[in-house]
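Participant: Can you look at this prediction? I've put the sequence above it.
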Amino acid sequence: MPVVVLLGTLDTKGPELRYLRDRITAAGCSVTLVDTGVRSTDSEADISADEVAAAAGEERAVLARAGDRGAAVMAMARGAAAIVGRLHAAGRLDGIGGVGGSGGSSIAAAAMQALPVGVPKLLVSTMASGDTRPYVGTSDIALLYPVVDIAGLNQLSERILANAAGALAGMTRAAIAFEPAGPARTVIGATAYGVTTPCVDAARAWLEARGFEVLTFHATGSGGQAMELLVRAGFIGGVLDVTLSEITDEVVGGAFTAGPHRLEAAADMGIPQVVSLGAAEMATFGPPETVPPAYRARRLVRHNDSITLMRISGEESVRLGQAVAAKLNRASGPVTLFIPRAGLSSLSVPGAVFHDPDADAALFESLRSALDARIEIVEMDTHINDPTFARAMAERLSALCERETASGGRPVDTVRPNDG
């Protein structure tokens with residue numbers, strides 16, 4: 001029988017959790033109930049709140065007496081993540097569910113985020129109608145908004161929880177029965193933005209025609225984080241990092257940063273990387289009024305009602321080049337950097353609003369001077385969305401992946417050609 005692990009604070013959500021447990025059981029799954037309540041002494045839980053706290057190196061009673069709710073929630077979140085990790089590793093977790101308000105959702109979400117992509121995850125949360133990024137992160141968590149507060153059973157909450165039970169049981173049974181279609185293929189992670197999509201589409205078509213499977217990630221912060229997560233999980237075997245705008249946002253202070261560790265997972269894992277500078281000439285902000293005052297005299301493009309793009313300066317381009325070089329230099333596997341000298345996006349080709357040859361030259365020179373000699377550089381007199389540029393990147397990545405396979409996964413030496 002499939003096993004669903006169900007998390008929640010039995011001290012505050014006991015009736016709801018028991019109801020959900022019973023409905024999941026009736027739907028054909030076994031349930032392991034994990035109590036994450038700091039003030040819980042409920043004996044019905046299969047894994048008690050004391051055990052959850054202990055998994056975080058804490059004592060539940062001490063956390064409860066301290067009265068620091070934030071610290072207690074964080075501790076229980078760490079413990080819950082450790083508990084569900086052990087259950088999954090032991091083959092005792094096929095799906096996971098949770099119920100909560102802000103605190104309970106934080107605990108359950110932390111546990112869910114610690115599990116691999118593909119494990120069914122459903123969280124019934126009063127926070128599901130607001131800013132959900134802290135709860136979903138880069139994981140495949142399904143959120144269900146309960147409409148009313150999770151504060152006792154009633155005609156509406158029972159209906160919502162019954163739906164949640166059916167969805168979770170169905171997802172879990174489907175996950176167990178899932179069989180991939182066709183033979184396993186090397187998975188490539190690619191990054192795209194609207195202004196670099198033609199390049200990614202052309203490269204993806206070339207790679208897929210030759211047996212690769214390409215996953216495209218929208219470079220909006222969470223997309224880059226998701227790709228890095230899957231690389232570290234061993235799911236992705238090569239990276240076509242066309243678009244680096246997330247790193248620009250990290251350097252300049254834009255809205256779509258993927259954090260300080262973007263462009264590091266492939267380097268650390270030693271898998272083949274083909275990298276370019278797509279959309280690296282621009283920083284992203286929200287509506288025009290969100291652009292910092294210091295930047296409002298810059299060249300700005302209103303991409304849509306929610307997105308404003310800013311052309312970065314030559315000095316910022318130098319800093320960006322140094323940041324990218326530092327990340328590529330740490331690579332333990334093969335890396336090729338492709339430089340499109342005629343434009344980094346559809347907005348920076350000759351005649352376009354972000355065309356700035358001097359700033360681009362500063363970026364290119366910064367990279368050339370900071371990259372290790374072992375990093376291969378290919379420069380082409382095309383813009384990034386030229387089909388010949390896309391194909392050259394795809395061909396190089398294919399060759400690097402084949403060379404890695406032939407060498408048993410060992411890093412290969414690369415050479416630096418004088419020109420592309």
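Facilitator: All right, it came through fine.

Participant: When you work out contacts or count neighbours from here on, use the C-alpha atoms and nothing else.
Facilitator: OK.

Participant: Let me know the average pLDDT across the lengthiest helix in the chain.
Facilitator: Longest helix of the chain, by residue count under DSSP state H: helix 155-177. Averaged over helix 155-177, pLDDT sits at 95.

Participant: who's in contact with it?
Facilitator: With contact meaning CA atoms under 8 Å, 6 or more residues apart in numbering, helix 155-177 is reached by 2, 4, 16, 19-21, 23-24, 27-29, 94-97, 118-122, 124, 144, 146, 148, 150.

Participant: Going through those, which ones are buried?
Facilitator: Neighbour counting by 16 or more other CA atoms under 10 Å classes 2, 4, 16, 19-21, 23-24, 27, 29, 94-97, 119-122, 124, 144, 146, 150 among the contacts of helix 155-177 as buried.

Participant: Now, those residues that are in strands?
Facilitator: Counted as lying in strands by DSSP state E, out of those, are 4, 95, 96, 97, 121, 122, 124, 144.

Participant: so residue 99 sits in a strand?
Facilitator: Yes: counting by DSSP: H, G, I helix; E, B strand; the rest coil, residue 99 is found in a strand.

Participant: Beta-bridge partners for the nearest residue to it once chain neighbours are set aside, please?
Facilitator: Closest residue in space to residue 99, ignoring its immediate chain neighbours: residue 124 at 4.8 Å, by CA to CA, 6 or more residues apart in numbering. Taking DSSP bridges, one finds residue 99, residue 144 as the beta-bridge partners of residue 124.

Participant: which parts of stretch 140-153 are buried?
Facilitator: 140, 141, 142, 143, 144, 146, 150.

Participant: can you put those residues in a markdown table and add pLDDT and distance to residue 381?
Facilitator: As requested, these are arranged in a markdown table below (pLDDT from 0 to 100; distance: CA to CA, whole Å):
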| residue | pLDDT | distance to residue 381 |
| --- | --- | --- |
| 140 | 92 | 40 |
| 141 | 96 | 43 |
| 142 | 96 | 45 |
| 143 | 97 | 47 |
| 144 | 96 | 50 |
| 146 | 94 | 55 |
| 150 | 86 | 60 |
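
Participant: Need the residues you listed in a markdown table (columns: distance to residue 284).
Facilitator: Putting the buried residues of stretch 140-153 into a markdown table (distance: CA to CA, whole Å) gives the following:
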| residue | distance to residue 284 |
| --- | --- |
| 140 | 25 |
| 141 | 26 |
| 142 | 28 |
| 143 | 28 |
| 144 | 30 |
| 146 | 34 |
| 150 | 38 |
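
Participant: any idea which of those is closest to residue 55?
Facilitator: For these, the closest approach to residue 55 (CA to CA) belongs to residue 141, at 23.0 Å.

Participant: dump the residue contacts of residue 309.
Facilitator: 282, 283, 284, 285, 300, 301, 302, 303.

Participant: Checking my notes, it in a strand, right?
Facilitator: Yes: membership of residue 309 in a strand is supported by three-state DSSP.
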